[in-house]
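Enquirer: sequence unknown, structure follows:
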């Protein structure tokens, strides 16, 4: 059975130059999600394997470029339908690469359909970031093709064992699953004097008892439940993000008379983002559905030595944030439970400091980009014998 973390070994002294084609979304860091994941993974693999990346372009022109030492092919696109790029050349480009290993990052209907059409040589692995949760109609028609595609895979990389248990797709292919958690670049979260100074300024402005939320303001994030919880929290909520729920949240804050307890900020700089993580007393991720497959922002808070309050979902959220150790876990969509957890941490600075210390240690031990690349390399190496 493969649904366990890869063993820890260091093969950095002995490079094995087989070829790998990564198929997903690829941009430099700070864009978040699959884009940052693939960028960091490639940085860890590029010296060990012959690596190329195939992605959809934003324009009709196919371009070939090198980004930080990684060869990237951006296939010309004629736009999107249901968030899926239309790239007629994708199957041909897949077939032309002839890599020893082809890794497709899911969800990616374009890559799934192109692979089934092209049947490129090389062994298939899938990085399964999440189920298709939101687009129910798309999932109904796409599911048979997805199952056919995953049947071709030799290994499925999954970011947490919890997600295997909660996914109707992954449960069918449990024997192929290998747990390779998402890793972040810890060097980005060191406290510089600039960040420390800005963090002190934030505390002077908003007080010493602050709750922080960072993320897209969309329905599954559950931010409304966090705002409601602040009616019973002795502290101030700082909300950083944008999205379709921003205006509704602003109205909710006013209608509940919470202007002095909730501050909404649509956008901040990268330096300010790191400063807010350092300045807050506790970070909160109140997501309410499996759309929140992992919650990388939790790792960023833990890397900043901050305790986390998050929702009890059968995803990577409760795999990274350990209840009672690195933070607290509460039922989703439950404002009173959120308020109790937040007050418990705010009222006990020693507990908050200890949880923050454990969180930082957990990231160092399990969730660095170097460990993510190492575990992926070991999986490839094992596949090829």
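Expert: All right, it came through fine. No experiment lies behind these values; they were computed from the predicted model shown.

Enquirer: what's the offset of stretch 161-178 from the middle of its chain?
Expert: 18 Å (C-alpha atoms, centre = their mean, to the nearest Å).

Enquirer: Also stretch 358-366?
Expert: 16 Å.

Enquirer: which parts of that stretch are buried?
Expert: By 16 or more other C-beta atoms under 10 Å, the buried positions in stretch 358-366 come out as 358, 359, 360, 362, 363, 366. In short, each C-beta sits where N, CA and C put it, glycine included.

Enquirer: Check stretch 112-132 too.
Expert: So stretch 112-132, judged by 16+ other C-beta under 10 Å, has buried residues 112-115, 118, 120, 122-132.

Enquirer: cool, stretch 351-359 as well?
Expert: 352, 355, 356, 358, 359.

Enquirer: What separation do you get for the closest residue to residue 149 other than its chain neighbours and residue 58?
Expert: Distances taken as C-beta to C-beta, 6 or more residues apart in numbering put residue 112 closest to residue 149, at 4.7 Å, once the chain neighbours are dropped. Distance of residue 112 to residue 58, computed by C-beta to C-beta, to the nearest Å: 20 Å.

Enquirer: same thing with residue 144?
Expert: Between residue 144 and residue 58 the computed distance is 30 Å (C-beta to C-beta).

Enquirer: and these two? which has more neighbours close in?
Expert: residue 58 (12 against 9; other C-beta atoms under 10 Å).

Enquirer: Excluding chain neighbours, what is closest to that one?
Expert: Residue 58's closest residue in space is residue 77 (C-beta to C-beta, 6+ apart), at 6.7 Å.

Enquirer: Could you do residue 114 as well?
Expert: In space, residue 114 is closest to residue 90, 4.1 Å off (C-beta to C-beta, 6+ apart).

Enquirer: same deal with residue 99?
Expert: Once flanking residues are discounted, residue 99 sits nearest to residue 21: 3.9 Å by C-beta to C-beta, 6+ apart.

Enquirer: check contacts around that neighbour.
Expert: For residue 21, the contact set (C-beta atoms under 8 Å, 6 or more residues apart in numbering) comprises 52, 53, 54, 94, 97, 99, 101, 102, 103, 120, 122.

Enquirer: switch the cut-off to 6 Å
Expert: 52, 97, 99, 102 (C-beta atoms under 6 Å, 6 or more residues apart in numbering).

Enquirer: ok, now residue 114?
Expert: Counting by C-beta under 6 Å, 6+ apart, residue 114 has contacts 90, 91, 94.

Enquirer: Mind checking what secondary structure it has?
Expert: With DSSP: H, G, I helix; E, B strand; the rest coil as the basis, residue 114 sits in helix.

Enquirer: And the pLDDT at residue 173?
Expert: pLDDT recorded at residue 173 is 96.

Enquirer: before we move on, back to that, among the contacts of residue 114, which one has the most neighbours?
Expert: Using other C-beta under 10 Å as the neighbour test, the contacts of residue 114 are led by residue 90, with 26 neighbours.

Enquirer: Could you dump the buried residues of stretch 358-366 into a markdown table and include distance to residue 39, pLDDT and secondary structure?
Expert: A markdown table is the format used below for those (distance: C-beta to C-beta, whole Å; pLDDT from 0 to 100; DSSP: H, G, I helix; E, B strand; the rest coil):
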| residue | distance to residue 39 | pLDDT | secondary structure |
| --- | --- | --- | --- |
| 358 | 28 | 98 | helix |
| 359 | 24 | 98 | helix |
| 360 | 23 | 98 | helix |
| 362 | 23 | 98 | helix |
| 363 | 18 | 98 | helix |
| 366 | 20 | 96 | helix |
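
Enquirer: So what does residue 124 have for phi and psi?
Expert: phi -90, psi 130 (degrees, to the nearest 10).

Enquirer: ok, it to residue 191 distance?
Expert: 42 Å.

Enquirer: what are the ranges of the helices in the stretch 1-150 of the chain?
Expert: 33-45, 90-97, 109-118, 136-151 (DSSP state H, counting those that start in this stretch).

Enquirer: Dump the contacts of residue 21 to CSV, plus pLDDT and distance to residue 150.
Expert: As requested, these are exported to CSV (pLDDT from 0 to 100; distance: C-beta to C-beta, whole Å):
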residue, pLDDT, distance to residue 150
52, 95, 23
97, 84, 20
99, 92, 19
102, 96, 13
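
Enquirer: now, among these, which is nearest to residue 198?
Expert: Taking C-beta to C-beta as the measure, residue 198 lies nearest residue 52 of these, at 39.7 Å.

Enquirer: So the closest one sits against residue 70, correct?
Expert: No - shown here, residue 52 and residue 70 do not form a contact pair, counting by C-beta atoms under 6 Å, at 7.7 Å.

Enquirer: before we move on, the earlier item: what's the least confident stretch among the helices of the stretch 1-150 of the chain?
Expert: Among those, helix 136-151 scores lowest, at a mean of 82.

Enquirer: can you list contacts of it?
Expert: 82, 109, 112, 116, 132, 173.

Enquirer: Now do the nearest residue to the fourth one once chain neighbours are set aside against residue 243, distance only.
Expert: Think residue 116. Among residues not flanking residue 116 along the chain, residue 149 sits closest, at 5.8 Å (C-beta to C-beta, 6+ apart). Distance of residue 149 to residue 243, computed by C-beta to C-beta: 31 Å.

Enquirer: more neighbours, these two?
Expert: A count of neighbours by other C-beta under 10 Å puts residue 149 above the other of residue 149 and residue 243, at 20 against 15.

Enquirer: Done for today, thanks.
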